[in-house]
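[1] Generate a structure from the sequence data that follows.
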Amino acid sequence: MKNVKCDKFHKRSKEELINFVKKLDLQALETAEERLPLYLEVGLKDARLVLDVGCGSGFVTRDIARLTKGIVIGIDGSSYLIKVAKKILKEYLNIKLCIGNGERLPFKNNSFDIVTCNLVLMWADDPQKVVNEMARVTKSKGKVLASLEPDYGGKIHWPENLKVDQVFAGDAIRRKGGDPHIGRKLRALFISAGLETKVGIGNSRIWSCEEDKHYYLHSRDFYIKALKDAGVSDKEIDEWEYEYLKSLDDGVQLNFFPQFYAIGTKPKS
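    Numbering: from 1, shown residues only. Prediction:
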């Protein structure tokens, strides 16, 4: 994968990774209502061996382990995040963690009942290789699940701020080496990997202004940094933030961007 200053897979420096862990915790909580029904749909409860690709700091892996009596293996390209995950998941006896590359999974063909990933393909240098590898290590008639991959091209936001909205509608993701339009590509990725495929949008509910404000205030540092990295001036940021928070307090703000999922079934060999 591409070389970056510190972490090749997540494309973040160590300092950014430390802050990233905080965001992952909140993200896992906020997306649980979208992910948990998908885990049940793919039969996680009865799975004996599950692989979580790009497990990161382990917050999502923890949800997976809670829903199955089987063994869950989490793999991630960041040694730092694996260390964090080991601390977070130390009480879970059915989880094993290892360092590895999603484009070259260190497992034999047809090994797992379920292989899953969450917010991974958006950051992969070659998402097709990752899906191909996920399919390869899945057993015949097993399931491959991408539980959450956004598409910022479908983002709806009102009231608008044309300069700031452009940053959050994909520019910030693209600047870090991600694909802000990965959601629309899931069907093609899964079909190309030889999987019988179902795609959908997991987030049908639009948050209230109170929920939006809570999320923003918790993640404010990430938003401000993204704007500064995009060249937005301090004065412009202050003006935007004032109007944004006012629209939330007035109850008129609306934010939505689609979170796609894909479920693939590996054909019987």
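
[2] now the strand or helix carrying residue 87, how far from the centre of its chain.
    In the assignment (DSSP states H and E), residue 87 maps to helix 79-88. Its chain's C-alpha centre and that of helix 79-88 lie 17 Å apart, by C-alpha atoms, centre = their mean, to the nearest Å.

[3] Next secondary structure after it?
    Next along from helix 79-88, by DSSP H and E: strand 95-99.

[4] So which elements touch that next one?
    helix 59-66, strand 71-76, helix 79-88 (3 or more C-beta pairs under 8 Å, 6 or more residues apart in numbering; DSSP states H and E). Any C-beta I mention is one placed from the backbone N, CA and C, and that applies to glycine too.

[5] Among these, which comes closest to residue 176?
    helix 79-88 (15.8 Å; C-beta to C-beta).

[6] Which other helices and strands does the closest one contact?
    Short answer (3+ C-beta pairs under 8 Å, 6+ apart): helix 79-88 packs on helix 14-41, helix 59-66, strand 71-76, strand 95-99.

[7] Tell me which of these approaches residue 195 most closely.
    From these, taking C-beta to C-beta, the stretch that ends up closest is helix 14-41, at 14.9 Å.

[8] tell me the mean pLDDT for the strand or helix carrying residue 236?
    If you go by DSSP H and E, residue 236 is part of helix 234-249. In this model, helix 234-249 carries a mean pLDDT of 96.

[9] Can you give me the buried ones in stretch 94-102?
    By neighbour count on 16 or more other C-beta atoms under 10 Å, the buried set for stretch 94-102 is 95, 97, 100-102.

[10] Any chance you could list what contacts that stretch?
    1, 9, 53-55, 58, 61-62, 65, 68-79, 82, 85-86, 89, 106, 117, 120, 124, 129-130, 133-134 (C-beta atoms under 8 Å, 6 or more residues apart in numbering).

[11] OK, contacts around residue 33?
    residue 205.

[12] which SS class is the residue positioned nearest the centre of the chain?
    Taking C-alpha atoms, centre = their mean, the centroid of the chain lies closest to residue 119, which sits 1.7 Å from it. Following DSSP: H, G, I helix; E, B strand; the rest coil, the label given to residue 119 is coil.

[13] May I have the residues that are in contact with it?
    27, 54, 148-150.

[14] Kindly report the same for residue 262.
    Residues near residue 262 by C-beta under 8 Å, 6+ apart: 144-146, 149, 186-187, 189-190, 197-199.

[15] The same query, at a cut-off of 6 Å, please.
    Shown in contact with residue 262 (C-beta atoms under 6 Å, 6 or more residues apart in numbering): 146, 186, 190, 199.

[16] Would you check how far apart the closest residue to it other than its chain neighbours and residue 169 are?
    Spatial nearest neighbour of residue 262, excluding adjacent residues (C-beta to C-beta, 6 or more residues apart in numbering): residue 186 at 4.0 Å. Remark: distance between residue 186 and residue 169 (C-beta to C-beta, to the nearest Å) = 19 Å.

[17] Over to residue 89?
    34 Å.

[18] helices or strands up against whichever helix or strand residue 146 is part of?
    Assessed by DSSP H and E, residue 146 sits inside strand 138-150. With contacts taken as 3 or more C-beta pairs under 6 Å, 6 or more residues apart in numbering; DSSP states H and E, strand 138-150 sits against helix 14-41, strand 112-117, strand 259-265.

[19] sorry, back to before: who has more neighbours, residue 186 and residue 169?
    residue 186 (23 against 17; other C-beta atoms under 10 Å).
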